[in-house]
Structure formats: C-alpha cells, structure tokens
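*Asks:* After the sequence you'll find the predicted model.
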Amino acid sequence: MSSPILILPPIKWEFSQEVKVQIQNTKLGDGYGLMVVAPNSARTTTELIIPNLSTADKDEIIDLFTSYGGITRFRWRPLDTLAYSYKEYICDKWSVIQQGTYLWQVTATFTEQITETIADTIADGSITTDKIADGAVNFAKLNVAFKLNSLNYFKNPAFAVTQRAASGTLSNSLNLPTASLGYPSEAEWCIAASGGNPSYVFDSPNQSLTIRGATLTTAVYLLQRLESRDTAKLSGKTVTLSVELSNSRLSTVTWEFFRPSTTADTHGTIATPTQTLIASGTWTVNSTLTRYSTTVALPSEVFLGLEIRLRVGDQTSGVWVIARPKLEEGTTATAFTSDDYAVELQKCQRYAQLITNGCQFPVAGNLLYFFPFRVPMFLTPTRTTISNGTIINASTYALGAQNTHTHSFGISAAAANGYILAHVSLYSAHIP
C-alpha cells in the first residue's frame, strides 16, 4: 500500500526547508581524490509552524502525528502548487506552545525519506477513506482535515474588530437589535439582557467574548444577523454551527436559528420579532471551555436572511465565555477559520463605521463637504455623535448621512475661512 497523503489545515502556517547532501571521496587512477555528491543523497528537512490553533484543532493535529509515531511514512508538499511535488517524509518530532488562554502553536519536523518525486495528484472530490487510511491513520483522525478551509459565514468570528470600547455594561432591554442599537463595541455581535445589567469583554487575543453575570438577570442573548445576499446561497442546504462555550454558573446554553417571516433582512427585535423559528436545541456546558456543534437543514426561505442566536437563563453571577463561533456548509464541524483583520473590518463597516469628519480651512458659507464611506453601507445609516473633537472658532455646522455610499457635513455661514473642524461620528446601518 502506498504511503498516505498528509492533509494539514490550510491556514496560515510557516515553513522553512533545509537540504543536506552526502559528500563522498572518489579516488582517481592517478592517485588523486575528488569530492562529489553521493548519488540520490539529497534529503530535505522541513520545519513547520502552525500558529493560532484552538484546543480541538491542536489535539487533532497532535493525534495525527502520534498515529504516525515517527515511523510511518507519508506523502506531503508544503504548498498545493506546481512549484512543490509530493515527497515522502516521517514526522520524527513535534512540540506544542500555548499562545494564550485558548490558542496554541504546533511545531513539527518533517524529514524526507527518499528523493523520488511522486508525480501523481488527487483530483478534487476524489479523496476517499481507502486512499488515506492504513492501520495507523483512519478517517476519523483525518476527517477534520478535509474541510478546514470551509467558509465561515459569521462576520468577525474571532472578535478581532471592535470599533468602539471593547468592554462595557449591557442595558436591561430586549428592544434590540435595531438598525442603530444593540451592538456594543460595534463588533457585529448583538448582546442583550433582561432583568439585570451584565458586563461584557471582547478579548481579541483569545478570540473570545466573556459575559459576566449581574444581579436580577433573567436572560442573556448573543446573536448575529446575516444578510440575505450572503444567505441566499444557503437556501435548502445543511449547515453546521460550532462554537466553544463555558459557563461557571449555568449548565444549559440554547441555540436557535431564525429567518425573516416575510420581508428580506427584517427580523424585528427580541421583544417584538418578525421572524420564523427554523430550529432550536440545547447544549449542556460546564466551566471548562469546550467546543459544541449542531447540524441544521435550512429551508429555502433563508434567501430572506438568517439569524443565529445563543442564550442562557438567569446569569445572576459567574461568567459565560463564547469563543470562535463558526457557521459552515455541510454536516461536519471543521476547524475554526476567520479572515484577516482588514477583511473582517470591511465586513463590519458595511453595518457600522466610526469616522472622524474633518475639514481644514473651510470656505465660509452654507456649504456641504461630501466624503465617501469606506465601504458601501447596508442601508442609509443613522449618525450618532461620539465626540466634537476640537472645533476652532466653535462655528455651527450640521452633519448627516446622505445615502449608503456618501456622508457629508455642512459649514454654516457663521464660519469664516481659515478654521479647522473635527467631529467623530458613528454611522449605523445594522440589519433591523
């Protein structure tokens, strides 16, 4: 049986390669010697670093290396490009470094066993259990590797983007969310509470959200609404929701899927919904952060949009931790993925943008200064004043969004030439 092909997570890994050859002396007939490279002696050693792994992903990879045991040969190439061909290696050592409370880095050394190039490739969709399994490596151990690059439909799933303060206190209200309310930190995750005022912290390094209980709290909700333009492709498909959870007080977390009842991208509030429940269920959790998953068959009506909601009951004390949520197509929960920060920021800015409006040496008179939004917004936004900044001459002016592409601010006739205006505004256009 040929050696199995090693499939590792297609996430941002780093690798370096060193090639060593054996030198041998060849004696010539005249008594002289010649140093030459021994035939077929080149060996490549690869140092592989895989950072930012969740505990579950780290364990899967370590289990895989352990199954090879430093003996079993496998075929591998560092990048899936024509510049690299498959070669046979053994993994003779590996190590694990903890990068944060919930993140890990795995480092491994691959040593080439032969110099023969294996020219065959595997056609898309043709990988089967028989092709990758032998007595030591089975489908269950490699299952996670097949779809680790599956698209994560959540916006900002690593909680990296916080356009405002990353921590604060929730209001006691279920009249959320609206197009302009309910998204603390502008992280594109709505948090709501009833009865009390829990606090929250978005922890970007650990890719987690922590909600701390408060007296009189009867329920806490965490939800995200996905735009119909993005969910239309999920119409009639099966998806898997996975997330890491812990709770030091409560043992049950409820998950729910909703879609708008009639109008696309119109869900209403938690208190007054205009939604239809698709599916719901519960997970039994404890104080240890653990990954949970569920699979849901979506109806065709999700072309109207989709809301995923998690909730707990009387969180009057203790902490509820949510980390690395993922929504993906298919029936298997695969490794957590998230886009680069810049990409996730743009996704969030479609629904909220924190912008400093400014104009140096404005012309006196009733004039409007127009500026394009960084990303076209979901709908014509509402503006909230965050800070007036420094306004020399304290002239009066008005600000306002004009449409989904452009915002403006005006200089009144009272303003004279040569002054500087600055104004920090939050433009909100969340899915209502």
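*Replies:* It's in.
*Asks:* Let me know the next secondary structure element after the lowest-mean-pLDDT helix or strand in the chain.
*Replies:* Among the helical and strand segments of the chain, the one scoring lowest on mean pLDDT, DSSP states H and E is helix 139-142, with a mean of 42. Under the assignment DSSP states H and E, the closest C-terminal helix or strand after helix 139-142 is strand 167-169.
*Asks:* tell me the mean pLDDT over that next one?
*Replies:* Average pLDDT, strand 167-169: 97.
*Asks:* Paired strands for it, with orientation please.
*Replies:* strand 199-203 (antiparallel) (DSSP bridges).
*Asks:* what about the helices in the stretch 101-250 of the chain?
*Replies:* Counting by DSSP state H, counting those that start in this stretch, the stretch 101-250 of the chain has helices at residues 129-132, 139-142, 228-231.
*Asks:* Next: the stretch 301-432 of the chain.
*Replies:* Under the criterion DSSP H, counting those that start in this stretch, the stretch 301-432 of the chain contains helices at 341-349.
*Asks:* so where's it shaky on pLDDT?
*Replies:* Within the stretch 301-432 of the chain, the ranges that satisfy pLDDT under 70 run 357-369, 388-400, 409-422.
*Asks:* With the stretch 151-300 of the chain instead?
*Replies:* Counting by pLDDT under 70, the stretch 151-300 of the chain has no low-confidence residues at all.
*Asks:* show me where it has strands.
*Replies:* 167-169, 190-194, 199-203, 208-212, 219-226, 238-247, 252-260, 275-284, 290-297 (DSSP state E, counting those that start in this stretch).
*Asks:* List the contacts of the first one.
*Replies:* Where contact means Cβ atoms under 8 Å, 6 or more residues apart in numbering, the residues beyond strand 167-169 that reach it are 184, 185, 197, 198, 199, 200, 201, 202. For the C-beta atoms, the positions are set from N, CA and C on the backbone; glycine is no exception.
*Asks:* try 10 Å this time
*Replies:* Here strand 167-169 makes contact (Cβ atoms under 10 Å, 6 or more residues apart in numbering) with 184-185, 191, 193, 196-203, 210, 212, 214.
*Asks:* how about that strand: buried residues?
*Replies:* Judged by neighbour count (16 or more other Cβ atoms under 10 Å), strand 167-169 contains no buried residues.
*Asks:* Now do that strand: distance to the chain's middle.
*Replies:* 22 Å (Cα atoms, centre = their mean, to the nearest Å).
*Asks:* got it, and the last one?
*Replies:* When C-alpha coordinates are averaged (Cα atoms, centre = their mean), strand 290-297 and its chain have centres 16 Å apart.
*Asks:* What of the fourth one?
*Replies:* The gap between where strand 208-212 is centred and where its chain is centred comes out at 16 Å by Cα atoms, centre = their mean.
*Asks:* quick one: strands adjacent to it?
*Replies:* Here, using DSSP bridges, strand 208-212 pairs with strand 199-203 (antiparallel), strand 319-329 (antiparallel).
*Asks:* could I get these as CSV with distance to residue 406?
*Replies:* Output for the strands paired with strand 208-212, formatted as CSV (distance: least, Cβ to Cβ, whole Å):
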stretch, distance to residue 406
strand 199-203, 30
strand 319-329, 32
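*Asks:* what's near enough to touch residue 95?
*Replies:* For residue 95, the contacting residues are 62, 105, 106, 107, 108, 109, by Cβ under 10 Å, 6+ apart.
*Asks:* Give me the buried subset of those.
*Replies:* Using 16+ other Cβ under 10 Å, the buried members of these are 62, 105, 106, 108, 109.
*Asks:* Give me the phi and psi angles of the first one.
*Replies:* In this case it means residue 62. Dihedral pair for residue 62: phi -60, psi -40, per degrees, to the nearest 10.
*Asks:* Which parts of the stretch 301-432 of the chain are strands?
*Replies:* Using DSSP E, counting those that start in this stretch, the strands of the stretch 301-432 of the chain run over 306-312, 319-329, 352-360, 367-372, 382-387, 397-401, 406-411, 420-428.
*Asks:* Can you say which of these is nearest to residue 153?
*Replies:* Closest of those to residue 153 is strand 319-329, at 4.3 Å (criterion: Cβ to Cβ).
*Asks:* which one of the strands paired with strand 208-212 lies closest to residue 19?
*Replies:* Counting by Cβ to Cβ, residue 19 lies closest to strand 319-329 out of the strands paired with strand 208-212; the figure is 37.4 Å.
*Asks:* one step back: could I get the strands paired with strand 208-212 in TSV, plus columns for distance to residue 267 and mean neighbour count?
*Replies:* What follows is the strands paired with strand 208-212, written out as TSV (distance: least, Cβ to Cβ, whole Å; neighbours: other Cβ atoms under 10 Å):
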stretch	distance to residue 267	mean neighbour count
strand 199-203	21	19
strand 319-329	16	23
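*Asks:* So which of these is nearest residue 13?
*Replies:* Of all the strands paired with strand 208-212, it is strand 319-329 that lies closest to residue 13, at 17.9 Å by Cβ to Cβ.
*Asks:* That closest one versus strand 190-194: what angle between them?
*Replies:* On the basis of axes from the mean of the first three to the mean of the last three Cα atoms, to 10 degrees, strand 319-329 is oriented at 140 degrees to strand 190-194.
*Asks:* Export strand 319-329 to PDB, keeping only CA atoms.
*Replies:* Presented in PDB, the C-alpha positions along strand 319-329 are these (Å, rounded to 0.1, in the frame of the first residue of the first chain):
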ATOM      1  CA  VAL A 319     -19.200  34.100  33.600                       C
ATOM      2  CA  TRP A 320     -20.300  32.900  30.200                       C
ATOM      3  CA  VAL A 321     -17.500  32.600  27.700                       C
ATOM      4  CA  ILE A 322     -18.100  32.300  23.900                       C
ATOM      5  CA  ALA A 323     -15.100  31.600  21.600                       C
ATOM      6  CA  ARG A 324     -14.500  31.000  17.900                       C
ATOM      7  CA  PRO A 325     -18.000  30.500  16.500                       C
ATOM      8  CA  LYS A 326     -18.300  29.100  13.000                       C
ATOM      9  CA  LEU A 327     -21.200  28.600  10.600                       C
ATOM     10  CA  GLU A 328     -20.400  26.500   7.600                       C
ATOM     11  CA  GLU A 329     -22.000  24.300   4.900                       C
END
